[in-house]
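1. Got a sequence here, can you model it:
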Amino acid sequence: MPISDERYNRQIIMSNWGGEIQQKLSGSEVVVVGCGALGTGTISYLARAGVGKISVIDRDYVELSNLHRTSLFLESDVGEPKATTVRKRINQINADVTVEALTRDLDPFNAGRILRGHDLILDCTDNLLTRYLINDCSVKFGIPWIYAAVIETQGMTMNIIPEDGPCFRCLFPERPPAGTLPTCDTAGVINTIPPVISSIQVTEAIKYLAEKDFEVGHLSTFDIWAGDLTGVDIEKNEDCQSCGEREFEFLEAEVCQTTTSMCGRDAVQINPHMKGEMDLEKLAENLRDLENLEVSDALLRFEVDNYKIILFKDGRAIVEGTEDEKLARSIYSRYIGN
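-> You can find the predicted model right below:
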C-alpha cells in the first residue's frame, strides 16, 4: 500500500518513527476482537495510524446505551451490527486501510481459522471466556496478543508473547464461575477510561509491529478517577495448563455454550455447561438495581429491557421475550457473565 506522507506526516517526522516504521504498519495485519467501548477506540487509532489491514469481530448490534462511551457509533447506527458499522466508519476515516468485518461469535470452532494469519491480536472483549479462547489460540499458533479490559473507573493491559513470557492463564489460571465478576452492565464504566486504555493498547501494538521496545509480562492498571497508574510484573508459570502443559481447554472444548430456541414460548435457553453451581445470592447483589429481581435457593429471576431472565444454579438461563439466539447470548453475557 502506498504511504501518504501528508496523511502520516506528524508520525513520520518523529525522531523514533520515520518512513520505515510507517511502511511496517502499512504491511501489517491485525485482528480486533470486540467492537465496544475499547474496540471502537482501538480500531480508530489503528486505522488513523495507518495499519494496513484490520479484521474486526463482534457478535452484537449497536444499542443506545453504547453511545456514551463508543467513539465510532452514531444514533443512526442503533440496531445495526457493530462490526459492519465500524467498517463503514473506518472507510470514511481512512480509505487506504482494509477492514474485514465479521459479525459472529468467536468460538472453538472458528477461532483458529479467524485468528491465524494475523500479526497481532488485540483483545477488546467484555468477557473472560473469549479471552481464554484467544489465549489458547495465541499459545497454540504462536500469535502475540494484547489483553485489555475496563470496568467502572479502572482499566488494564498486558502484552503477551507466550514463548517469551507469561500467558493469560499464568495470570488467571482458572476461569471464575459465571456471575462472580462484575460487568459494565452491572457495575458501569466511566466514559473516559476506554480511550485511555485503547491508547495504551494501540501504542503497544505499534511497538510490536515496529519491532521496538515491546515488553511482555507486565500488567499495567490505571484508575482514571484516582489518577493512579500501577504496574506489576507477572511471572511465567512453568506448570501453566496452556503455555506450560500445552493443554488447550477452551480451544479444544467440544461445547462451550449451547443455545436452544424454545418452540412456542418466545424464549431461548442458554446452557454454559459449567462445572459446579452458581452463587445466586452474590449475583443478585450485583444485579440489585434491575427490575423485578427475585432470588431463591433454586433460581434467580430479573427483567431488563422487557426481557425476563430465569437463571438456575447450574448456570442455565431462559431468556423470555425473544427467539433470537444471538440476542439471548448477548443478554446472558452482559448480565450474568461468561
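
2. All the strands of the chain, residue numbers only.
-> Applying DSSP state E to the chain gives strands spanning 29-33, 53-57, 98-102, 120-123, 145-151, 154-160, 218-223, 228-233, 258-262, 267-271, 291-295, 299-304, 307-312, 317-320.

3. Among the ones you listed, which comes closest to Met278?
-> Set against Met278 and scored by CB to CB, the strands of the chain come closest in strand 307-312, at 7.3 Å. The C-beta positions use only the backbone N, C-alpha and C, and glycine is treated the same way.

4. Can you tell me the closest non-neighbouring residue to Thr259?
-> The spatially closest residue to Thr259, leaving aside those adjacent along the chain, is Glu325, at 4.2 Å (CB to CB, 6 or more residues apart in numbering).

5. Give me the distance between the one you found and Val319.
-> 9 Å (CB to CB, to the nearest Å).

6. gap between the lowest-mean-pLDDT helix or strand in the chain and the chain center?
-> One helix or strand of the chain scores below all others by mean pLDDT, DSSP states H and E: strand 258-262, with a mean of 70. Averaged C-alpha coordinates place strand 258-262 at 24 Å from its chain's average position (CA atoms, centre = their mean, to the nearest Å).

7. Residues touching that strand, excluding its own?
-> Strand 258-262 is contacted by residues Ala267, Val268, Gln269, Ile270, Asn271, His273, Ile318, Glu323, Glu325, Ala328, Arg329 when judged by CB atoms under 8 Å, 6 or more residues apart in numbering.

8. Stretch 240-252 too?
-> 108, 111-112, 129, 132-133, 135-137, 139-140, 162-163, 166-170, 173, 236-239, 256.

9. List buried residues within those residues.
-> 108, 111, 129, 132-133, 135-137, 139-140, 162, 166-170, 236-237, 256 (16 or more other CB atoms under 10 Å).

10. From Ile160, how far off is Ile234?
-> Counting by CB to CB, the gap from Ile234 to Ile160 is 9 Å.

11. Between the two, which has more neighbouring residues?
-> Between Ile234 and Ile160, counted using other CB atoms under 10 Å, Ile160 has the larger neighbour count: 26 against 17.

12. and that one, what are its bridge partners?
-> Beta-bridge partners for Ile160, by DSSP bridges, are Trp145.

13. I am assuming it contacts Tyr147, so please confirm or correct that.
-> Yes. Counting by CB atoms under 8 Å, Tyr147 is a contact partner of Ile160 at 6.2 Å.

14. Need the overlap of contacts for the two.
-> Phe168.

15. confidence score at Asn338?
-> Asn338 carries a pLDDT value of 66.

16. I meant to write Ile146 there.
-> 98.

17. burial of it, as a residue count?
-> Counted with other CB under 10 Å, Ile146 comes out at 25.

18. what touches both of Ile234 and Ile160?
-> Pro166.

19. buried sites along the least confident helix or strand of the chain?
-> Going by 16+ other CB under 10 Å, strand 258-262 has these buried residues: Thr259.

20. Name every strand pairing with that strand and say which way it goes.
-> Strand 258-262 has these strand partners (DSSP bridges): strand 267-271 (antiparallel).

21. mind checking how far the strand it pairs with is from the chain centre?
-> Centre to centre, stretch against its chain (CA atoms, centre = their mean), the figure for strand 267-271 is 23 Å.

22. can you list the residues that contact that strand?
-> 257-262, 315-325, 327-329, 332.

23. Filter the contacts of stretch 240-252 down to the ones in helices?
-> 111-112, 129, 132-133, 135-137, 139-140, 168-170 (DSSP state H).
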